[in-house]
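# Quick one: sequence plus predicted model below, questions after.
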Amino acid sequence: MSELPKARIATASLAGCFGCHMAILDIDERLIELMKLVDVDRSPLTDKKKFTERCDIGIIEGGCCNEENVHVLHDFRRNCDILIALGQCAIMGGLPAMRNAIMHSDAPLRECLDEAYITGKYIRNTTHNVPNDPALPLLLDEVYPCSQVVEIDYQIPGCAPTGDVIFDTLFKLLTGKFRGFEREMIRFD
Amino acid sequence: MSGTEKETGFTFTIDGVEIKAHAGQTIMEAADAAGVYIPRLCDHEGLRHQGSCRVCTVKAGGRSVAACTQPAAPGQAVENETPHLTKMRRDLVEMLFHEGNHLCPICEASGNCELQAMAYRLDMTEATKFPYLEPCRALDASHPDIALDTNRCISCGRCIRASQDVDGKGVFGYVGRGIHRRVAVNGENLADTDAQVSDHAMSSEVCPVGCIIRKRVGFAVPIGEREFDKGLIGHEIEEKRK
Ligand code: SF4
Ligand code: SF4
Ligand code: SF4
Ligand code: FES
């Protein structure tokens, strides 16, 4: 059988802790098997900041907490045939989304920033301001899961998902054998 | 009902499998005894049936009924694990995730939680179609041994029935209506009530999620050894059939 042409994949980390990208490395030596099937385009793994070509698969870690995240996510949707939300932050906002429901607050974002930069007990911030440099991306009112911003094709659950479930899903998608997740592999934590 | 009537057995079918039952048994009780698992959240062994979560919905004679409250009837053909019912149950469970704040990675109950385990069983992995409501709900850590994180409460009422019927106390009750209906405690906060950590209502089996928290207990069991790391929810019932 002639070799399949390699697929192109791209990855990005939005509002996440980068743990899901580290979990990609948990694929361990099977990465060699995977790399026989794919070329990596735009990704922190290659340090490419822009798409060089259209990609078959885009993998997103993290949800959207600022306008830059939304731009990146739209860029991925435009440039990738299949878009995968990797991990609980991408799927449902995850830990960053804790700021959406700060108890008894009418303005959770404001309260979160105040606590972090001004009123927090252990804060030493001589400017007494919340950082507002124009270079900083504008924060969104809430942290949004990816599927609330663009259409997502697949979700790989977990915080972080195991190397096994990431490898299994990608390998099956790339070889046309993906029929859903093995139940034992579904974990939300 | 007379003793003889209770002993009168009959059979009905669930997904074509013949199930023995006796008068007075619910569909779920007969199914459990026969080793057929019907998913459930608000029903719990030893507690009065409430029939509120509707995760146990089955089709009996073409109608949707709650298996935990519907009496089994002779000759009845019950559908349990059909694609349609599984999808409906998954939607219900998904809605519970969306109605509260379920951040499993930071939850003490993760791995031991019935809601999460039900989501695994029902393959809840698709991109969601419901918005996250992200309500602002109260946390009550006033009691020295127990805390309540109502962000995770699914209003199953199991604590209410356990406290009332087993402990004879009534620490918990419902307040509000519709989506605003919440479980509340019989006092300003939990420390104000006669709740004790040794109450049945506070035992790890009553609250299916991580709402009733026993302090200084969480995260004791390592990942991989927690209840639902070891097997799918309902497997103990299904194993009875083998
Ligand atoms: S899902 Fe978990 S590991 Fe992945 S980015 Fe979010 S917090 Fe980090
Ligand atoms: S209660 Fe269950 S579903 Fe909710 S956050 Fe905790 S583990 Fe997840
Ligand atoms: S506290 Fe727990 S047991 Fe009580 S209603 Fe809420 S989820 Fe059910
Ligand atoms: S288990 Fe039957 S309605 Fe909840």
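Cool, got the structure. Ligands and ions are numbered 1, 2, ... in the order given.
# where exactly do the strands run in chain A?
A:7-13, A:38-40, A:55-61, A:64-66, A:80-86, A:139-144, A:154-156 (DSSP state E).
# for chain B, what's the longest helix?
The helix that spans the most residues within chain B, counting by DSSP state H, is helix B:83-99.
# contact partners of that one?
A:92, B:39, B:41, B:53-55, B:57-59, B:79, B:102, B:115, B:118-119, B:122-124, B:128, B:130-133, B:135, B:154, B:179 (CB atoms under 8 Å, 6 or more residues apart in numbering or on different chains). Where you see a C-beta, it was placed from the backbone N, CA and C, and this is true even at glycine.
# okay, now the closest residue to residue B:187 other than its chain neighbours: neighbour count?
Leaving out its chain neighbours, the residue that sits closest to residue B:187 by CB to CB, 6 or more residues apart in numbering or on different chains is residue B:193, at 4.3 Å. Neighbours of residue B:193 under the rule other CB atoms under 10 Å in any protein chain shown: 19.
# try residue A:53
Burial of residue A:53, expressed as a neighbour count using other CB under 10 Å, amounts to 11.
# got the residues of chain B near chain A?
Residues of chain B lying near chain A by CB under 8 Å from any CB of the partner chain: B:97, B:101, B:103-107, B:110-111, B:116, B:119-121, B:123-128, B:131-132, B:134-139, B:151, B:223, B:232.
# tell me which parts of chain B are close to ligand 3?
Proximity of chain B to ligand 3 (CB under 6 Å from any ligand atom) is limited to residues B:153-159, B:183, B:206-209, B:211-212.
# Quickly check those for the two that are furthest apart.
Spanning the widest gap among the residues of chain B next to ligand 3 are B:155 and B:206, at 13.8 Å by CB to CB.
# sorry, back to before: just the residues of chain B next to ligand 3 that are near ligand 2?
Counting by CB under 6 Å from any ligand atom, residue B:209 from the residues of chain B next to ligand 3 sit close to ligand 2.
# From the chain's centre, how far out is stretch A:127-138? Work that out for me.
24 Å (CA atoms, centre = their mean, to the nearest Å).
# Identify, from the residues of chain B next to ligand 3, the entry nearest to residue A:189.
The shortest approach to residue A:189 among the residues of chain B next to ligand 3 belongs to residue B:209, at 13.6 Å (CB to CB).
# Where does the prediction get shaky in chain B?
B:1-7 (pLDDT under 70).
# Now do the helices in it.
According to DSSP H, the helices that chain B contains are B:3-7, B:27-34, B:83-99, B:114-121, B:158-161, B:227-230, B:235-239.
# Pick out the residue closest to the middle of chain B.
residue B:41 (1.9 Å; CA atoms, centre = their mean).
# can I assume that residue is in contact with residue B:157?
No: taking contacts as CB atoms under 8 Å, residue B:41 lies outside contact range of residue B:157: 10.3 Å.
# Identify the contacts common to the two.
Common contacts of residue B:41 and residue B:157 (CB under 8 Å, 6+ apart): none found.
# Now do stretch B:217-231: distance from first to last residue.
Using CA to CA, to the nearest Å, the end-to-end distance of stretch B:217-231 comes to 22 Å.
# residues touching the residue in chain A that ligand 2 sits nearest to, list them.
Of all residues in chain A, residue A:188 sits closest to ligand 2, at 6.2 Å by CB to the nearest ligand atom. In this structure, residue A:188 makes contact with A:88, A:157-159, B:104-105, B:110, B:116, B:119, judged by CB under 8 Å, 6+ apart.
# Could you check the lowest-mean-pLDDT helix or strand in chain A and say which residues are buried?
Among the helical and strand segments of chain A, the one scoring lowest on mean pLDDT, DSSP states H and E is helix A:108-114, with a mean of 90. By 16 or more other CB atoms under 10 Å in any protein chain shown, the buried positions in helix A:108-114 come out as A:108-109, A:111-113.
# which residues are in contact with it?
A:99-102, A:105, A:130, A:139, A:141-142, B:136.
# Could you identify the buried members of the residues you listed?
Using 16+ other CB under 10 Å as the burial test, the contacts of helix A:108-114 include A:99-102, A:139, A:142 as buried.
# related to what we said a few turns ago, buried subset of the residues of chain B next to chain A?
Neighbour-count burial (16+ other CB under 10 Å) applied to these gives B:97, B:101, B:103-105, B:107, B:110-111, B:116, B:119-121, B:124-125, B:127-128, B:132, B:134, B:137, B:151.
# Against residue B:125, how distant is residue B:110?
Separation of residue B:110 from residue B:125 (CB to CB, to the nearest Å): 17 Å.
# residues in contact with residue 117?
No chain was given, so I picked chain A. Applying CB under 8 Å, 6+ apart, we find residue A:117 in contact with A:123, A:125, A:129-131.
# My question was about chain B, not that one.
B:227-228, B:232-233.
# Quick check: of the contacts of residue A:188, which lies closest to ligand 4?
Distance to ligand 4, by CB to the nearest ligand atom, is smallest for residue B:119 among those, at 15.4 Å.
# Contacts only, for residue B:202.
Residue B:202 neighbours (CB under 8 Å, 6+ apart): B:146, B:195-196, B:212, B:214.
# neighbours around residue 143, how many?
All of this refers to chain A. Each residue near residue A:143 was counted by other CB under 10 Å, and the total is 28.
# sorry, should have said chain B
20.
# Provide a list of residues in contact with the closest residue to it other than its chain neighbours.
Leaving aside its chain neighbours, residue B:143 sits nearest to residue B:190 (4.1 Å; criterion: CB to CB, 6+ apart). Applying CB under 8 Å, 6+ apart, we find residue B:190 in contact with B:140, B:142-143, B:146-148, B:171.
# let's see 6 Å
B:140, B:142-143, B:146 (CB atoms under 6 Å, 6 or more residues apart in numbering or on different chains).
# Quickly check: stretch A:25-37 near ligand 1 or not.
No: figure legend: stretch A:25-37 not in contact with ligand 1 (CB under 6 Å from any ligand atom); closest approach 11.1 Å.
# what's the answer for stretch A:151-159, then?
Yes: using CB under 6 Å from any ligand atom, stretch A:151-159 reaches ligand 1 at residue A:159.
# And stretch A:5-20, by the same measure?
Yes: on the criterion CB under 6 Å from any ligand atom, stretch A:5-20 is in touch with ligand 1 at A:16-17, A:19-20.
# and residue A:189, what is it in contact with?
A:159, B:104-105, B:110.
# right, and residue B:72 touches residue B:27 too?
Yes: contact between residue B:72 and residue B:27 holds when scored by CB atoms under 6 Å: they sit 5.0 Å apart.
# More neighbours: those two, which one.
Ranked by neighbour count (other CB under 10 Å), residue B:72 and residue B:27 place residue B:27 first, with 28 against 25.
# All set, thanks.
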